[in-house]
Structure formats: C-alpha cells, structure tokens
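Undergrad: could you work out the structure for the sequence below:
(one chain, ligands or ions: 1)
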Amino acid sequence: MLELIAILLFIPHTMVLEINTAIYTFIFLLLVIFYRKLLSSKSQTGLPCLPPSPRGLPIVGHLHLLNNTPHPSFHNLCTRYGPLIHLRLGSVLCIIASTPELAKELLITNGLTFASRPMNIVINLLTYNSSGFSFAPYGPYWKFLKKIVTSELLGERTLGQLQHIRYNETSQLVHLLVDRAHSGKIVNLSQEVMKLSNNIISQMMLNIRCSGEDEKAREIRSLVREATELVAQFNFSDFIWFLQNLDLQGIKKKAKTMNHRFDFLLEKIITEREVDRNKQKEKRGNEGLGKQKMTDFLSILLDISDDENSSIRLTRENIKAFLFDFLSAGTDTSGIVVEWAMSELINHPCILEKARKEIDSIVGQNRLVNETDIPNLSYIQAIFKETVRLHPPIPIFERESTQDCKIGGYLIPAKTILFISNWSICRDPNNWKDPLEFQPERFMSDSETDDNAGIVDVRGQHFNLLPFGSGRRGCPGVSLAVQVVPTVLALLIQCFHWKIAGYGDEMTGKLVDMTERPGLTVPKAQPLMLVPSTRLRPFPNYADCGLIRVARE
Ligand code: HEM
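TA: Below is the predicted model:
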C-alpha cells in the first residue's frame, strides 16, 4: 500500500524504506505505551491499584520466580521490590506482606476482610469441601467451631484434664533416652520428638497413640504424612486457568484416593466409638451423655452433634473434616521447634550451659522439670521464643480477601491471596538487632540487645514475632504448644549431656547442619542424630515430677 502511494507521488524507494521504518517504530512505541499503561499501577480513582511487582511472563506470571522453598523467594522479592508486593502466580493474584506494620494492618485492621483461607483442589477434597475448621470460610459455622475449640477442645480445662497424656509421652521419651545413654547408642532426636508431639495430638483427639503398631495407628501415621506431602505439592491446575479441569500431575486423583482411605478409617473409628457410647448410655439409663467423663476431642464433638439444643448441629462430615484439620495442623509443628532448639543449643554450648544453670537453680537436680516449672524458667522461655523467631515451623501463612480493600495506599481486590512472610519479619534488621544470630538474651527482661524484647510474646500481639499467626485465624494450638515445647526442651537440657553422633562432646566445635527442608512446614533437612549421656546422678524417679512410668514401646 505504502509502495503504491509512493509510486503515485513519485517518492524515491529509499525514502519509502525510511517512512516504513518510522511507521513500524511508531507502532512499536504505541504498543509499549499501551502495555505500560495496562500494567501501570494507577487506577481510575487516582489510587495506585496494586503494590509493586517484578516483571511477569505471559500465562505463568511470576511462577518462574519461585522454587520449592517459597519463603526465601518471597523474602528476596520483598527485599528488592518493597515490603508489600503483588505477584501473579499463573492466573492467581497474590500479595506478600513482610513488615510488622503491614501484618497488623492486614490481620487486625482489615481482619474481617482477610479472615478466610484460600482453597485449592487437594484441600477441597481432603476437607470434605471445607466442612471442618481450618479451611471453613469465616462466618457463623466457623465462629461456632472456634468457640468450641477455644472453650472446650483446647481450653485450659481440657488441657488440664489431658495433662496425663503429655506426662506419659514425655516420660516415655526420657525413658528411651536413659536407655540409649546407658547403651551409648545414637538417637534420632528429630524422629523421637516428632513422635512425641504427634502421639500427644492423636491421643488428645482420638485416644489413639499414632506411633503404635496396630493397624489404625499405622494408617493414621501414613495418611497424615502423605496428606501433608500432597498439600505441599505444587499443582498447575490450581494456578493456570486453562488447566483447571485437567489433572496432568495426577494430584487430584491421589487426593480422591486419600480422602477415601481417610473416610474409611474415620468411619471405622467413629462407628466403634458410637457403639461404645451407646453401651455406656444403656448402662447408665437415661442419665444422659452430658455427664459422661470427657475422654478426647472425638467424644466432645459427638456430644455436640447429639445435642438437640445446639445452635448448629454438627454432621458426620463436619466431624471427619474437623479431625482431618487438627491431625494435619497439630502434627509435626511442636516437634520441629524442639529439633531446631536442640540444634541451636548444640551449636551454642554456652547458651546450653546457661539454660542448665537456670534449671539447676530453680528446679534442682533431685527431681525432673515439669510443666508447672516453665513460668519460672525465663531463659528456657527465651530459648523457645528465639527458636521460633529464627526457625518458624510455618514461615509464611495464607489468607484470602473476601472483599476489595485498601492496604498501604493500594487497592487490593476481593479473592486476592495474602501471604504473610513471618520469616522475613523475623529476619529483618529493622525489627531485630543481629537478626541472624541465635541470641535468647534478647528476650530477657534485662535485654540490652532489643528494646522491649523481654515483653514480646508469641501469641500474635507483637507483630514482629508471629510464629502462631494473629487475629481471627491465629493458631488455636498455641496454649498447648507453649506448654509442651519448653517442657520437653527443659527435660532434654536438664537430664542429658549431648554429643553429635560420630563426634566428641558438646565442646568439640563440630556444628550441627542447619539446612532447612523445603515444604509448607520447615523442619531440618538432616535429622538431628545425637548420643545422650545421663547428667543427673542418681537419675530422679519419674514419679517425682508427676510423670507416670509407662511401658516402653
Ligand atoms: C509450635 C507449634 C505450632 C505452630 C508454630 C503453629 C503455627 C500456626 C500458624 C502460623 C497458623 C496460621 C495462623 C494464621 O493464619 O494467622 C496455624 C493455624 C492453625 N493451627 Fe497451629 N501451630 C502449632 C501447633 C498447633 C497445634 C498443636 C494445633 C492443634 C492441636 C494447631 C492447630 C491449628 C489450627 C486448627 C489452625 C487453623 C486455625 C484457623 O484457620 O482458624 N496448631 N498454626
């Protein structure tokens, strides 16, 4: 066309080429301006639409910037692009917040907007379409359950009633370690503390010791492990819209099979329990189940579902989904904290010694430390806080916005996934002096390292330390965890000297490897292999601290 006009107007060929180039350049510039306009952060209201973001790619968006350990990737991106950034993971819009101020603005000031969690294909299948607790959308049903969780299941009274479970389990661990110490054998301490924390949860919930060797225990153990691995797997169908209905990685199929296995197991457990309850009911005539002695979470949930006056009647699916939620949410996390704490202590023998001195001066060497001592052991508490600061078992936690809102001057649309990068917050030199150093002293009331760090607690009120989250969806297991973890830690410190397997004593200078294992929860990559030797002579009677001696596995 341009050539034809040139011939008609007698324009020379070289000039046509120049005009051609100019037109193409012009069109290219127009496209660049249009593209920039499209991506620019200004909305029609003049408010910036979305927080900053790195350059994305078509279709995958920013997925290529993440690897199988998202928390360091999020941390690096926030360091580069700002404390609040947005990413497009395929077609899913996300924001990442990495300062205490933003955490407060999102979780508290806009707490209602971010009071739900995002769903995906696997979670949907495993939680009976969010019929349980952790993934139930914020609303009357979730509030009803939250009340049961805080007042009944994980309230002070129930935790007190179920204290014997914790005592039995810690007693079993001490027993095993004393045996190993006498025979000079290596202990996989990571495995033993996970076993302990998982046994506590499974007994509190179902009265089943999940480390046992019977069929039910084995199935619970393997289902919980497989389910947590499956939830952590990256599923393209969740992020790329045109793959939504395809199951290219076979993840949906696996989740369906897992749900069937889980359902089969729970049906069996619940049916057996119902038969038991009916027998007891018959025995006691019409005295009513309300007066029955509480045994575990399942009993409490069945009581509520039987209660005709309850404002919400729990269905069988609700109960099964609830059990799934708690078994997966409560599993491993406490054990992970103990394994990191012990690793740090082995690498910092002076801190370990100082902790021993505190226990010796407050508890002495003639009896074993127990839960009631923990409020008096401020250095042990400081070690616990410093461990969850440097090694939070859940380094990022997720919420989803249910309506449009303004955060930090940006407009965040409904259905945006929010990631709170607690890992970044805890490693930010603006929040913590020498953030990469393990210094429990910073949490002592006479701390010289950080102002006010002595009063910082872990329950979600201090936004520079959020290992248990905060706000409406903060962790309901926090009271249990702050009882179990420091007690187990104190016992390990009080009762034993430790050597790294294959090396000399605590003072050899050999360090424990501190690499993280990728996943949604972050344990150590390598298990902590240690050789204990007993420190207390004579070794106190377990009964002295209220621990009941039980048969070893
Ligand atoms: C050291 C141990 C633990 C850590 C570090 C931990 C951490 C967390 C975090 C970060 C969240 C997300 C909070 C948020 O979104 O604001 C959470 C949620 C949750 N945790 Fe824990 N947790 C621990 C132990 C437990 C235990 C022992 C249980 C159960 C007995 C439990 C049950 C739950 C449940 C059910 C949720 C979901 C709450 C909801 O959506 O409303 N956690 N936990």
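
Undergrad: got the residues of this structure near the ligand?
TA: Selection of the chain residues close to the ligand by CB under 6 Å from any ligand atom yields 133-134, 201, 325-326, 329-330, 333-334, 337, 393-394, 397, 467-470, 473-477, 480-481, 485. In short, each C-beta sits where N, CA and C put it, glycine included.

Undergrad: check the secondary structure at R88 for me.
TA: Following DSSP: H, G, I helix; E, B strand; the rest coil, R88 is assigned to strand.

Undergrad: that one touches L57, doesn't it?
TA: No: look at R88 against L57 with CB atoms under 8 Å: they stay out of range, at 9.3 Å.

Undergrad: quick check: closest non-adjacent residue to the residue most central in space within the chain.
TA: In the chain, the centroid-proximal residue (CA atoms, centre = their mean) is I394; its distance is 3.3 Å. What sits nearest to I394 in space, not counting adjacent residues and going by CB to CB, 6 or more residues apart in numbering, is T521, at 5.9 Å.

Undergrad: what sits against the residue of the stretch 201-350 of the chain found nearest the ligand?
TA: Residue nearest to the ligand within the stretch 201-350 of the chain: G330 (3.0 Å; CB to the nearest ligand atom). G330 sits next to 197, 201, 205, 477, 480 when contact means CB atoms under 8 Å, 6 or more residues apart in numbering.

Undergrad: could you do I346 as well?
TA: 352, 498, 500, 506, 511-512, 528, 530.

Undergrad: am I right that it is in a strand?
TA: No: applying three-state DSSP, one finds I346 to be helix, outside a strand.

Undergrad: ok, the closest residue to F239 other than its chain neighbours - contacts?
TA: Distances taken as CB to CB, 6+ apart place G90 nearest to F239, at 3.1 Å, with adjacent residues excluded. Going by CB under 8 Å, 6+ apart, G90 touches 59-61, 63, 236, 238-241.

Undergrad: would you list the residues you listed in a markdown table and tack on pLDDT?
TA: Below are those laid out as a markdown table (pLDDT from 0 to 100):
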| residue | pLDDT |
| --- | --- |
| I59 | 91 |
| V60 | 94 |
| G61 | 95 |
| L63 | 94 |
| F236 | 90 |
| D238 | 91 |
| F239 | 91 |
| I240 | 90 |
| W241 | 86 |
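
Undergrad: now for those, which pair is the farthest apart?
TA: Among the contacts of G90, the pair separated by the greatest distance (CB to CB) is I59 and D238, at 14.3 Å.

Undergrad: who has more neighbours out of the two?
TA: A count of neighbours by other CB atoms under 10 Å puts D238 above the other of I59 and D238, at 20 against 13.

Undergrad: the more buried one and I121 touch, don't they?
TA: Yes: with contact defined as CB under 8 Å, D238 reaches I121; the gap is 6.0 Å.

Undergrad: so I96: helix, strand or coil?
TA: Classified using three-state DSSP, I96 is strand.

Undergrad: any idea which element F419 lies in?
TA: strand 417-421 (DSSP states H and E).

Undergrad: strand partners (parallel or antiparallel) of that strand?
TA: Using DSSP bridges, strand 417-421 pairs in its sheet with strand 92-97 (parallel), strand 396-400 (antiparallel).

Undergrad: now those strands in TSV, with mean pLDDT?
TA: TSV is the format used below for these (pLDDT from 0 to 100):
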stretch	mean pLDDT
strand 92-97	97
strand 396-400	96
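
Undergrad: mean neighbour count, the ones you listed: which tops it?
TA: Greatest average neighbour count among the strands paired with strand 417-421 goes to strand 92-97 (a mean of 23), per mean count of other CB atoms under 10 Å.

Undergrad: following it, which helix or strand shows up next?
TA: As assigned by DSSP H and E, the chain's next helix or strand after strand 92-97 is helix 100-104.

Undergrad: name the next helix or strand downstream of that next one, please.
TA: Trace forward from helix 100-104 with DSSP H and E and the next one is helix 121-126.

Undergrad: need the contact list for the closest residue to R472 other than its chain neighbours.
TA: The shortest distance from R472 to any non-neighbouring residue, by CB to CB, 6+ apart, is to A115 (4.6 Å). Residues near A115 by CB under 8 Å, 6+ apart: 138, 399, 402, 471-473.

Undergrad: using PDB, write out every CA atom in stretch 170-177.
TA: Coordinates of each C-alpha in stretch 170-177 appear next as PDB, following Å, rounded to 0.1, in the frame of the first residue of the first chain:
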ATOM      1  CA  THR A 170       7.400 -37.100  77.900                       C
ATOM      2  CA  SER A 171       8.000 -39.900  80.400                       C
ATOM      3  CA  GLN A 172       8.400 -42.400  77.600                       C
ATOM      4  CA  LEU A 173      10.800 -40.200  75.800                       C
ATOM      5  CA  VAL A 174      13.000 -39.700  78.900                       C
ATOM      6  CA  HIS A 175      12.900 -43.400  79.500                       C
ATOM      7  CA  LEU A 176      14.000 -44.200  75.900                       C
ATOM      8  CA  LEU A 177      16.900 -41.600  76.200                       C
END
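
Undergrad: in the stretch 101-250 of the chain, what residue comes closest to the ligand?
TA: S134 (3.9 Å).

Undergrad: and that residue, helix, strand or coil?
TA: coil.

Undergrad: and R88 and L57? Which one has more around it.
TA: Higher neighbour count among R88 and L57: R88, with 18 against 11, using other CB under 10 Å.

Undergrad: contacts only, for that one.
TA: 53, 56, 61-62, 94.

Undergrad: now render the residues you listed as JSON lines, adding secondary structure.
TA: As requested, these are exported to JSON lines (three-state DSSP):
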{"residue": "S53", "secondary structure": "coil"}
{"residue": "G56", "secondary structure": "coil"}
{"residue": "G61", "secondary structure": "strand"}
{"residue": "H62", "secondary structure": "coil"}
{"residue": "C94", "secondary structure": "strand"}
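
Undergrad: out of those, who's nearest the ligand?
TA: C94 (15.0 Å).

Undergrad: so the closest one is in contact with P413, correct?
TA: No: the criterion here is CB under 8 Å, and C94 misses it with P413 at 11.5 Å.

Undergrad: in three-state terms, label the closest residue to the residue of the stretch 101-250 of the chain closest to the ligand other than its chain neighbours for me.
TA: Distance criterion CB to CB, 6+ apart; nearest residue to S134, sequence neighbours excluded, is D325 at 4.2 Å. Following three-state DSSP, D325 is assigned to helix.

Undergrad: can you name the residues that contact D325?
TA: 127, 132-135.

Undergrad: next, the contact list for the closest residue to P51 other than its chain neighbours, please.
TA: Leaving aside its sequence neighbours, P51 sits nearest to L84 (CB to CB, 6+ apart; 4.3 Å). By CB under 8 Å, 6+ apart, L84 lies in contact with 51-52, 78, 95-99, 102, 407-408, 410.

Undergrad: nearest to the ligand, of these?
TA: So of the contacts of L84, ranked by how close each gets to the ligand (CB to the nearest ligand atom), first place is A97, at 12.2 Å.

Undergrad: does that closest one touch L107 like I think?
TA: No: using CB under 8 Å, A97 is not in contact with L107, being 9.0 Å away.

Undergrad: what do the two both touch?
TA: With CB under 8 Å, 6+ apart as the test, A97 and L107 both reach I420.

Undergrad: what mean pLDDT would you report for the lengthiest helix in the chain?
TA: Looking across the chain with DSSP state H, the single longest helix is helix 251-283. On average, the pLDDT along helix 251-283 is 93.

Undergrad: with stretch 128-140 instead?
TA: Stretch 128-140 comes out at a mean pLDDT of 95.

Undergrad: please point out which parts of that stretch sit buried.
TA: 128, 130-136, 138 (16 or more other CB atoms under 10 Å).

Undergrad: can you give me the strands for the stretch 151-300 of the chain?
TA: 187-188 (DSSP state E, counting those that start in this stretch).
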